[in-house]
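Student: let me see the structure of the following:
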Amino acid sequence: MALAADFPYRTRRSSDLSKHSAEVFAEAENHTIMITRRDGEPLVLMSRREADGRARLLDFAAHLITATIDSDGTFAERLTKAFPWMLALSPADREACAQDLLDAARASFSTEQPHLVLSELTSWKETATAVATGLGNADLQWLDDDETVERP
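Tutor: Numbers count the residues shown, from 1 in each chain. So this is what the prediction gives:
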């Protein structure tokens, strides 16, 4: 995983921030900006969305590490302690969820893209919520492949 110092920030001078603030702010909505200063350590300017994503990623990482170092039960069982909503899933789905979250976490950590694991976490949580409300219990009637349905 890349170190924070290796992260490819876009760099602007502090004078750019004072002279062209609208331009710098617009750029910061899309990319993290490192503001260099002659008289101090560089500062980082990013959107609230990006800062919140990083905070949620760190929170998820804390839960993941806790589940990893616990020694009681399978990894999926340990992960349900951190995410009790997983109990709404079947045992097989809990295993799939745990593996999907672990894979997405590895991708997020290695690419510094929090949305990869956060979207996976949200998808599984929404699935568990749907199962808990009984949406998975209905008998479905599947249409044949050659059957067409008119648009409403």
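
Student: the nearest residue to Tyr9 once chain neighbours are set aside and Ser108, how far apart?
Tutor: Spatial nearest neighbour of Tyr9, chain neighbours left out: Met34 (3.8 Å); criterion: C-beta to C-beta, 6 or more residues apart in numbering. All C-beta atoms are positioned from the backbone trio N, CA, C, and that covers glycine. Distance from Met34 to Ser108, counting by C-beta to C-beta, to the nearest Å: 22 Å.

Student: have a look at these two and say which one is more surrounded.
Tutor: Using other C-beta atoms under 10 Å, the more surrounded residue of Met34 and Ser108 is Ser108, with 22 against 15.

Student: in which helix or strand would I find that one?
Tutor: helix 91-111 (DSSP states H and E).

Student: next secondary structure element downstream of that helix?
Tutor: The C-terminal neighbour of helix 91-111 among helices and strands, as given by DSSP H and E, is helix 115-132.

Student: so which elements touch that next one?
Tutor: When contacts are defined as 3 or more C-beta pairs under 8 Å, 6 or more residues apart in numbering; DSSP states H and E, helix 115-132 sits against helix 48-69, helix 91-111.

Student: which of those has the lowest average pLDDT?
Tutor: Lowest mean pLDDT of the helices and strands packed on helix 115-132: helix 48-69, a mean of 92.

Student: how far off centre is that helix?
Tutor: 8 Å (C-alpha atoms, centre = their mean, to the nearest Å).

Student: then stretch 96-115?
Tutor: Here stretch 96-115 shows a centroid-to-chain-centroid distance of 8 Å under the convention C-alpha atoms, centre = their mean.

Student: same check on stretch 130-144?
Tutor: 27 Å.

Student: and the residue nearest to Ala98 when sequence neighbours are not counted, what element?
Tutor: Distances taken as C-beta to C-beta, 6+ apart place Ala76 nearest to Ala98, at 3.9 Å, with adjacent residues excluded. Assigned by DSSP H and E, Ala76 belongs to helix 75-82.
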